[in-house]
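> kindly return the folded structure for what I paste below:
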Amino acid sequence: MNDNEQRPVMIIVGRVWRKKGGESEGVHVMLVAPDDDSAVRMALEALAREGYAEAELDQIGEIDAAPDDEPHLSAYQGALEGEVSIVTFDEII
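As a prediction, the model looks like this:
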């Protein structure tokens with residue numbers, strides 16, 4: 001990849017807790033980063049800024065195309081614009 005190419009949007013999947021020992025939520029974090037380690041660090045920093053006390057990140061990957069549905073479409077666009085986008089949802093147990 002040369003310096004003029006857009007880096008792919010990465011997605012990190014896991015779960016987060018607002019309070020230690022509290023109820024968990026599913027999370028998808030979308031961002032653009034130079035490598036996996038940087039992406040994880042940036043995601044954890046953004047989650048901490050948003051008030052999450054704990055995070056368990058399970059998978060990281062790249063998104064090949066813009067998602068079809070909200071809120072992921074807006075999160076994807078935000079990631080392309082340099083934001084660390086966080087989408088939370090109720091976990092299916």
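
> C-alpha only now, for contacts and for neighbours.
OK.

> what segments of this structure are strands?
9-17, 24-31, 54-63, 85-89 (DSSP state E).

> highest mean neighbour count out of those strands?
The highest mean neighbour count among those, using mean count of other C-alpha atoms under 10 Å, belongs to strand 24-31: a mean of 23.

> next, the angle strand 54-63 makes with it.
40 degrees (axes from the mean of the first three to the mean of the last three C-alpha atoms, to 10 degrees).

> what's the nearest residue to the residue nearest the centre of the chain if we skip its chain neighbours?
Nearest residue to the geometric centre of the chain (C-alpha atoms, centre = their mean): residue 29, 0.9 Å. Spatial nearest neighbour of residue 29, chain neighbours left out: residue 86 (4.6 Å); criterion: C-alpha to C-alpha, 6 or more residues apart in numbering.

> quick one on the thing from earlier: which residues are in contact with the residue nearest to the centre of the chain?
Taking C-alpha atoms under 8 Å, 6 or more residues apart in numbering as the contact definition, residue 29 lies against 11, 12, 13, 43, 84, 85, 86, 87.

> could you redo the last one with a cut-off of 6 Å?
11, 12, 85, 86 (C-alpha atoms under 6 Å, 6 or more residues apart in numbering).

> per-residue pLDDT of the last one, please?
At residue 86, the model reports a pLDDT of 98.

> the first one too?
What the model reports for residue 11 is a pLDDT of 98.

> that one touches residue 30, doesn't it?
Yes. In this structure, residue 11 is within contact of residue 30 by C-alpha atoms under 6 Å, at 4.5 Å.
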